[in-house]
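1. missing the sequence, but the structure's below:
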């Protein structure tokens, strides 16, 4: 099914999505994207349905052709203080507030969102596979976060972040068991598997 251009039909509707919520390490990233109504490049979809190569190819297209876009993040310290859900909302709020043009409506991927004063919002479960603006936001959040984790991987090569981006893979958990956690690990998360 082709992705829809918007939920409300308003020209300045912004799609919002986050990346890195389920990771053991690194910040959580979020993006807000306002697209032209006729924006519909080939392969645009939920970032999880795309190869890394296609995500990277779509990123400059989105950044160049979007009416406005911005990326926000919440740090590991903020995740520890607030919890991951609230930190994800904070990253989304920061992305919205960084937009060069104020959106008329926020279309949020997922089933929950902390209201941002001055903005109406709608939550859509699986929205990144339904709406172009959320799909674009998912691609930006994912690619910018992956890029950030590549930088951290150069400083902490033992955890394999260039491959796992901080997600709880078997190799990542094994590296934590051997080397212990880094300053970028989320200490409130279960870093080691229950059987290991």
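-> Alright, I've got the coordinates. Remember, it's a predicted structure, so these values are computed and weren't measured experimentally. Numbers count the residues shown, from 1 in each chain.

2. the protein: helices as residue ranges?
-> Applying DSSP state H to the chain gives helices spanning 52-65, 76-82, 84-97, 132-155, 161-164, 170-179.

3. now render those helices as CSV, adding distance to residue 10.
-> Placement of C-beta: from N, CA and C, glycine included. Formatted as CSV, those follow (distance: least, Cβ to Cβ, whole Å):
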stretch, distance to residue 10
helix 52-65, 18
helix 76-82, 30
helix 84-97, 15
helix 132-155, 11
helix 161-164, 39
helix 170-179, 41
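
4. of the ones you listed, which approaches residue 7 most closely?
-> helix 132-155 (8.6 Å; Cβ to Cβ).

5. which neighbouring elements make contact with that closest one?
-> Contact here means 3 or more Cβ pairs under 8 Å, 6 or more residues apart in numbering; DSSP states H and E; on that basis helix 132-155 packs against strand 13-19, strand 28-34, helix 52-65, strand 68-74, strand 105-109, helix 161-164.

6. with mean pLDDT added, can I get the ones you listed in JSON lines?
-> Below are the helices and strands packed on helix 132-155 laid out as JSON lines (pLDDT from 0 to 100):
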{"stretch": "strand 13-19", "mean pLDDT": "98"}
{"stretch": "strand 28-34", "mean pLDDT": "98"}
{"stretch": "helix 52-65", "mean pLDDT": "97"}
{"stretch": "strand 68-74", "mean pLDDT": "98"}
{"stretch": "strand 105-109", "mean pLDDT": "98"}
{"stretch": "helix 161-164", "mean pLDDT": "96"}
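
7. can you put the helices of the chain in TSV and add distance to residue 43 and mean neighbour count?
-> Shown next, in TSV, are these (distance: least, Cβ to Cβ, whole Å; neighbours: other Cβ atoms under 10 Å):
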stretch	distance to residue 43	mean neighbour count
helix 52-65	5	15
helix 76-82	31	17
helix 84-97	23	22
helix 132-155	10	23
helix 161-164	23	19
helix 170-179	29	15
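
8. residue 19: which of the ones you listed is closest?
-> Taking the helices of the chain one by one with Cβ to Cβ, helix 132-155 is closest: 3.9 Å.

9. direction-wise, compare that closest one with strand 105-109 and give the angle.
-> Orientation check (axes from the mean of the first three to the mean of the last three Cα atoms, to 10 degrees): helix 132-155 against strand 105-109 gives 60 degrees.
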